[in-house]
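got a structure for you, letters missing:
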C-alpha cells in the first residue's frame, strides 16, 4: 500500500513542479511532465500488487511533506535556477531508488500480483464457475509493464554545463586581478 502512495505522491509532485516552472524552465517542465506520466502509469500497474518488502512509512510521510510544502509555496514565488537543478538531481535519485525497489521485488519474488487461472470443473452440479485467482510472484511474465515503466525511470543524473557567459566572466575576473595601476607621483613631493 505504501509503495502505491509513494508512486502517487511522486506523480503529484512532478505535476506541481512542472506547472510551476513551465514559464521559466520549459525544458525541465517537459521532463517533469513526462516523469508525472510515468509515475501515473506505474501507479496504475501497481494497483493490485502486494508483498512483504519493507513498510515504507517514513518514505510516505516525507513524500506527503514535500507535496504539502510545494502546495503552500506561493505560486508567484519563482524557483531559482539552482533550486530547479537541485530538485532535478533529487528527483532522479528518488527515481533510481524506486526503480531499484521494484526490480528487486520482481527479481527476489517479494511482490505478488493476482493472476487469473483457468480451470475445468467436471460434474459438480454448477453451471457457472467463478474464475480462480492466485497470487503469483511478480516477474517478467506477470506485470511486465510495471517493470518496464520502472526501468524507464532510471536515467543518468543530468549535470548542467557552465552558463554561456562563464568564459567571458572568467576573463574579466582575471583581468581585474592582474590589473596594475600606473605609478602615481607621491603627493607629498609635489611643489
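The structure has been received and is ready for your questions. This is a predicted model, so every value here is computed, not measured.

helices or strands up against the strand or helix carrying residue 5?
Following DSSP states H and E, one finds residue 5 within helix 2-20. Counting contacts by 3 or more C-beta pairs under 8 Å, 6 or more residues apart in numbering; DSSP states H and E, helix 2-20 packs against helix 26-45, helix 57-72, helix 81-107. Heads up, the C-betas are built off the backbone N, CA and C, glycines and all.

quick one: mean pLDDT over it.
Helix 2-20 carries an average pLDDT of 87.

run the angle between that helix and helix 81-107 for me.
For helix 2-20 against helix 81-107, the angle by axes from the mean of the first three to the mean of the last three C-alpha atoms, to 10 degrees is 150 degrees.

let me know the angle separating helix 2-20 from helix 26-45.
150 degrees.

of all the helices and strands packed on helix 2-20, which gets the most neighbours per residue?
The highest average neighbour count among the helices and strands packed on helix 2-20, using mean count of other C-beta atoms under 10 Å, belongs to helix 26-45 at a mean of 18.

mind listing residues that contact that one?
Applying C-beta atoms under 8 Å, 6 or more residues apart in numbering, the external contacts of helix 26-45 come out as 4, 7-8, 10-12, 14-15, 17-19, 21-22, 84, 88, 91, 95, 98, 102, 143, 145-146, 149-150, 152-153.

at 6 Å what do you get?
Residues from elsewhere that reach helix 26-45 (C-beta atoms under 6 Å, 6 or more residues apart in numbering): 7-8, 10-11, 14-15, 17-18, 21-22, 84, 145-146, 149, 152.

coming back round to it: let's have the helices and strands packed on helix 2-20 in CSV, adding mean pLDDT and distance to residue 114.
What follows is these, written out as CSV (pLDDT from 0 to 100; distance: least, C-beta to C-beta, whole Å):
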stretch, mean pLDDT, distance to residue 114
helix 26-45, 89, 13
helix 57-72, 83, 23
helix 81-107, 86, 15
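
quick one, which of the ones you listed is nearest to residue 173?
Nearest of these to residue 173, taken as C-beta to C-beta: helix 81-107 at 20.0 Å.

by how many degrees do that closest one and helix 57-72 diverge?
Using the same axes, to 10 degrees, the inter-axis angle of helix 81-107 relative to helix 57-72 is 150 degrees.

make JSON lines out of the helices and strands packed on helix 2-20 and add distance to residue 51.
Listed next are the helices and strands packed on helix 2-20 as JSON lines, based on distance: least, C-beta to C-beta, whole Å:
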{"stretch": "helix 26-45", "distance to residue 51": "14"}
{"stretch": "helix 57-72", "distance to residue 51": "15"}
{"stretch": "helix 81-107", "distance to residue 51": "6"}
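
how about these, which one is nearest residue 135?
helix 81-107 (13.4 Å).

how far does that closest one sit from its chain's centre?
5 Å (C-alpha atoms, centre = their mean, to the nearest Å).

which of the residues in the helix holding residue 5 are buried?
Across helix 2-20, burial judged by 16 or more other C-beta atoms under 10 Å covers 3-18, 20.
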